[in-house]
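# structure of the sequence below:
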Amino acid sequence: MGETHAHAYQGLAGVEIAAIYGRTESKVRSVAESVGCLATADLQKLLDDPTIEAVDVCLPSSLHREFVVKALDAGKHVFCETPLALTAEDAEAMIGTARSSDRLLLVALLMRSIAEYQHIQRAVMSGELGRPLAVYAYRLGSYLRRESSEFKEHYGDPTIELMTFDFDVLNWLFGLPNEVYAVATDGPDGTPGHVVAALRYDDFVANVEASGLMPTGFPFSVGIRVVGETECLELSTTFPNGVPETTLASYAGESEEVRVNGHDPYMAECQYFVECVRGDADPQLLSAERALEALRLSIAIQDSLKQQKAVRLAT
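Next up is the predicted model:
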C-alpha cells in the first residue's frame, strides 16, 4: 500500500515525495527509486526536516500509534492507512495528539473514494431508494490460510481487518446502529476466522459478513446490497487476478446495470488529503473520528462474540 500511495502522490500536481521510510532500507529502495526519492531507515532525520509537511503511514496497524504520534509531535500532518488502530485506546491517543499538535490526522477510508460507493451514498442520502429495509455487506478472502497468496503474518482477524471497511460504509450511509450481534467460526489459531454480524437500526437491519477462511481458489470478493422500499442497489467486486471486476446493478421493477464514471480511488483519497493540508477541503470526510466510529463497531462485534449476546451501543 505504501507503493500504491507513493505512485498516487507522484501523479499529483504540486506534490513532491521527499522520502520513503522503511524499517529495513533495502525493502523500500526499489519503490523510492521508481518515484525518484530518498530511501531511508532513519525516521528521525525525516521528522527533523522542516521542509517535510506531511507523512503517509502505511505500516502494519499494530505500529500505527507509535509512528503517527511521532509524526504529529514533529509537526507533520498525517494520512494513515485503515485500520487506524486495533484498539480504541490507540486510536484515541492518536486523535488526542493531533488535536494538541494542531495537525491534521486523516485516515484512508477507501470505500468513500470509490465511485460506485459514492453513487450508492448519494442514492441513499437523496431518498432515491425509499425507506431502507435491509442491507447486506460482505468481504471474503483466504488471507488467514498460510498457503494463500493473501496471507500476511501481521493481518488481524476479520472483525477489524475486513469489517472495519464495511462498518465505515454503513456509518457513512446510515449513522451508528443501536445494537450488534455476531457469531463466528474460528480459524486454525482459535480466533474468529469467518464472522457474521447483525446490526439493528431504528427500523431496519444490516448484515455484515467477513471471512479470511475462504478456499484459496476463491477470489477475494466484496460487495453491498442496499434494499429500499422503491429500489435496490447491489454492488459486487471480485479480484480474480488482482484486478477488480465490478458490477453495480439497480432493481426497481426490472434489473438495470448502473454505469458510473470511475476513477482511481487511491489517487482520489491522496488528493483529498493534500487538499485538506492546503486548506482547500473539509477534512471531516476522512477524519480519524470517522475511523474511530468504525473501529468501535468492530470492538462491539468482538464483545458480542465473547459474551455470546447482543451488545448495545452507547448513544
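
# now the strands for the stretch 151-300 of the chain?
Per DSSP state E, counting those that start in this stretch, the stretch 151-300 of the chain carries strands over the ranges 179-186, 192-200, 205-211, 220-228, 232-239, 245-251, 255-257.

# the fourth one pairs with which strands?
In other words, strand 220-228. Taking DSSP bridges as the criterion, strand 220-228 pairs within the sheet with strand 132-140 (antiparallel), strand 232-239 (antiparallel).

# and that strand, what's buried?
Neighbour-count burial for strand 220-228 flags 220-228 (criterion: 16 or more other C-beta atoms under 10 Å). Bear in mind the C-beta positions are built from the backbone N, C-alpha and C, glycine included.

# quick check, nearest of those residues to residue 269?
Using C-beta to C-beta, residue 222 is the member of those that lies nearest residue 269, at 16.7 Å.

# that closest one against residue 245, yeah?
No. Using C-beta atoms under 8 Å as the test, residue 222 is too far from residue 245 to be in contact (11.3 Å).

# list residues touching both of these two?
Jointly contacting residue 222 and residue 245 under the rule C-beta atoms under 8 Å, 6 or more residues apart in numbering are residue 237.

# helices of this structure, start to end?
In the chain, the helices defined using DSSP state H lie at 2-10, 25-35, 43-47, 64-73, 88-101, 115-126, 158-161, 163-174, 265-277, 288-307.

# using JSON lines, please lay out those helices together with mean neighbour count.
Below are the helices of the chain laid out as JSON lines (neighbours: other C-beta atoms under 10 Å):
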{"stretch": "helix 2-10", "mean neighbour count": "18"}
{"stretch": "helix 25-35", "mean neighbour count": "15"}
{"stretch": "helix 43-47", "mean neighbour count": "15"}
{"stretch": "helix 64-73", "mean neighbour count": "21"}
{"stretch": "helix 88-101", "mean neighbour count": "17"}
{"stretch": "helix 115-126", "mean neighbour count": "17"}
{"stretch": "helix 158-161", "mean neighbour count": "26"}
{"stretch": "helix 163-174", "mean neighbour count": "23"}
{"stretch": "helix 265-277", "mean neighbour count": "20"}
{"stretch": "helix 288-307", "mean neighbour count": "21"}
